[in-house]
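Okay, here's the prediction I keep looking at, along with the sequence it came from:
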Amino acid sequence: MFLRSLIVLCFVFFTSSLFAAPVDINDANADTIAKSLDGIGPGKAAAIVQFRNSNGPFKSIEELKYVKGIGKKTLEKIRNDVVIVSEID
């Protein structure tokens, strides 16, 4: 019984992380960014928010490469987990 419960728990944990919702980097706070993007810790997440506050909303995911600490490898790693939602006026 214990083994069965453990297997179900592992399945739920891993499948929920596979289907996590993408993060809107123009809306999310640093804590959400850090928790949602693999390889992005609190420092890089704070840098993303600071860059956004200083330069305005991101227009493309590619602009993340201008954030200190985010290089080509990190950008490719998180690309599929990042979205930019445009505001509709």
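Alright, I've got the coordinates.

Name the nearest residue to the spatially most central residue of the chain, sequence neighbours excluded.
Centroid check for the chain by Cα atoms, centre = their mean gives residue 37 as the closest residue, at 3.1 Å. Taking Cβ to Cβ, 6 or more residues apart in numbering, and ignoring the residues beside it in sequence, residue 37 has residue 78 as its nearest neighbour in space, at 4.7 Å. Any C-beta I mention is one placed from the backbone N, CA and C, and that applies to glycine too.

and the one you found, how far is that from residue 29?
Distance, residue 78 to residue 29, by Cβ to Cβ, to the nearest Å: 16 Å.

if you count what's nearby, which of these two comes out ahead?
Here residue 78 and residue 29 are compared on neighbour count by other Cβ atoms under 10 Å; more neighbours surround residue 78, at 22 against 10.

where does that one land in three-state SS?
Secondary structure assignment for residue 78 (DSSP: H, G, I helix; E, B strand; the rest coil): helix.

wait, isn't it in contact with residue 38?
Yes - if you go by Cβ atoms under 8 Å, residue 78 and residue 38 touch, sitting 6.6 Å apart.

Could you verify my assumption that residue 36 touches residue 27?
No - with contact defined as Cβ under 8 Å, residue 36 does not count as touching residue 27 (11.8 Å).
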